[in-house]
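S.K.: sequence and predicted structure are below.
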Amino acid sequence: MTHLGTSSADPIQDIRRPIVMLSKNYLPGYCTDLHVHPRAQFLFARKGTMRARTALGSWIVPPGYGLLIPAHVEHQVEMFGDVALRSAYIEEDVLPQRNRITCSVIQVSPLLSACIDRFASDPFEYEEDGIAGNLAAVIILEITTTPPSEMVLPFPTSTNLHALARSMLDDPSDPRSIDDWAIALAMSRRSFTRLFRRETGMTFDQWRQRLRFQVASELLASGRTISHVASAVGYGSVTALKTMMARFD
């Protein structure tokens, strides 16, 4: 039997409101215990990157994106960098059926971000017919009507590929090719490519490009120069980095 840990959100789960929200700051490397909530959870980091893991898969969630985890889904969240987290807990019966089945990553619009920030300052037991109640309704609509992002970065789950992905998250400039990685993991090229696609839904090159885009976006947002970012994520020139990032616009 899986041992589930407790959560700092446990005391607020029974509050009779459609949404309750917590704001917390985490240090780099912090990882929650495996736990579960009776409500759906929407994770949104104002700063920093998270990785959430469930039995359904793993997701990298960079700044500007949010992850909706259905109610009763066991999950664990790991923090990369200093993370300023907004965590909204949503009653299951106010969500469409499609949002009760699987996790989804969405891009957080300026409207949703502003509503979350304003809502986070209200008390847990807010007036449902007041400003907070209306903000809650907008937050739910924004989360449930925004199309899932194509920028999801699935994280492989098998031991060897998980180690590879973690290594590349630590150093996205790593130039090793498919053949290099296959040799390092004592796999044939064919076995490597088939397993990687099965666990992530994309090729290794597609996955690495998506990872580099996410890391580059975060570094640029933090004020790093574009030449520094190009080198940090494995591109030999600023032009090459700009060409890659333009593909995701």
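M.R.: Now that the structure is in, tell me what you want to look at.
S.K.: quick one: the helices in the protein, in order.
M.R.: Listed in chain order, the helices of the chain (DSSP state H) span residues 110-119, 131-145, 159-170, 178-184, 189-200, 204-221, 226-232, 238-246.
S.K.: buried stuff in the fifth one?
M.R.: So that's helix 189-200. Within helix 189-200, the residues scored as buried using 16 or more other C-beta atoms under 10 Å are 192-193, 195-196, 199-200. Placement of C-beta: from N, CA and C, glycine included.
S.K.: closest one of those residues to Q209?
M.R.: Using C-beta to C-beta, T200 is the member of the buried residues of helix 189-200 that lies nearest Q209, at 12.4 Å.
S.K.: tell me the domain ranges of the protein?
M.R.: The record's domain split for the chain, according to automatic domain parsing, is 10-145, 156-246.
S.K.: buried deepest among those, which one?
M.R.: Stretch with highest mean neighbour count among the domains of the chain: domain 10-145 (a mean of 17; mean count of other C-beta atoms under 10 Å).
S.K.: how far is it from where the chain is centred?
M.R.: Counting by C-alpha atoms, centre = their mean, to the nearest Å, domain 10-145 is centred 11 Å from the centre of its parent chain.
S.K.: need the contact list for the residue nearest the centre of the chain.
M.R.: Computing the C-alpha centroid of the chain and ranking residues by C-alpha atoms, centre = their mean puts V61 first, at 1.9 Å. Contacts for V61 (C-beta atoms under 8 Å, 6 or more residues apart in numbering) come out as 43, 45, 49-52, 67, 105.
S.K.: for it, give its distance to I178.
M.R.: 26 Å (C-beta to C-beta, to the nearest Å).
S.K.: which phi and psi does the nearest residue to G64 once chain neighbours are set aside have?
M.R.: Once flanking residues are discounted, G64 sits nearest to V108: 5.9 Å by C-beta to C-beta, 6 or more residues apart in numbering. In terms of degrees, to the nearest 10, the main-chain angles of V108 are phi -90, psi 120.
S.K.: got the contact list for V108?
M.R.: With C-beta under 8 Å, 6+ apart, V108 has these contacts: 44, 64-66, 116.
S.K.: just the buried residues of helix 189-200 now: which is nearest V152?
M.R.: For these, the nearest to V152 is T200 (9.6 Å; C-beta to C-beta).
S.K.: wait, the closest one touches T157, no?
M.R.: No - assessed by C-beta atoms under 8 Å, T200 is found out of contact with T157, at 9.4 Å.
S.K.: can you tell me how far F192 sits from R166?
M.R.: 16 Å.
S.K.: before we move on, the earlier item: joint contacts of T200 and T157?
M.R.: Counting by C-beta under 8 Å, 6+ apart, nothing touches both T200 and T157.
S.K.: okay, now the sheet partners of the lowest-mean-pLDDT helix or strand in the chain, with direction.
M.R.: Using mean pLDDT, DSSP states H and E, strand 57-61 stands out as the lowest-scoring helix or strand of the chain, at a mean of 76. Its sheet considered, strand 57-61 pairs with strand 40-54 (antiparallel), strand 153-154 (antiparallel) by DSSP bridges.
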